[in-house]
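Student: Okay, sequence plus prediction incoming.
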Amino acid sequence: MVPNSGYSQEWIKRNYDQYLRSEHWQDVRRRFWKSKLNDGFCYGCGDEGLLNLHHKTYKRVGRERLNDLVLLCTPCHTAVHEWVTDGRSLWQATRKLERKISRMGKEKAYLWFHKHSA
């Protein structure tokens, strides 16, 4: 199920949920959770709650580098994907999250994302 050169955007649209249930993805997740990249906090707002492992890019799905991934709480994860549906690429949406946090600071960003996801 894991090709040498990543998946096409069309394949991702059709099969991403299946990929997330694959043994390969489970192995990637295990390696991320054991890595130094896992600090236990949302990359967006710093929350310690339920965290999602988010692809910053789908460019290397199936051959992810651990630094292609980031932890996001549900509100921040939702915001990034809403920005993607507004015509931004996944990378652009993740960068928007970084800029918003940089401008607001972690504490204000936490309040903003959690307020706007309710």
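Tutor: Cool, got the structure.
Student: Longest helix of the chain, counting residues only.
Tutor: Counting by DSSP state H, the longest helix found in the chain is helix 90-104.
Student: Where does the prediction get shaky in the chain?
Tutor: Screening the chain residue by residue with the criterion pLDDT under 70, one finds the ranges 1-9, 86-88, 116-118.
Student: Would you map the strands across it?
Tutor: When secondary structure is read from DSSP state E, the chain shows strands at 51-55, 69-73.
Student: closest one to residue 42 among these?
Tutor: Comparing the strands of the chain by their distance to residue 42 (CB to CB), the top pick is strand 69-73, with 4.0 Å. C-betas here are computed from N, CA, C, even on glycine.
Student: before we move on, the earlier item: and the angle for the longest helix of the chain with strand 51-55?
Tutor: Our comparison of helix 90-104 with strand 51-55, counting by axes from the mean of the first three to the mean of the last three CA atoms, to 10 degrees, yields an angle of 130 degrees.
Student: How far off centre is helix 90-104?
Tutor: 12 Å (CA atoms, centre = their mean, to the nearest Å).
Student: Make 56 the starting number, not 1.
Tutor: Yes, from this point I'll number from 56; that puts the last item at helix 145-159.
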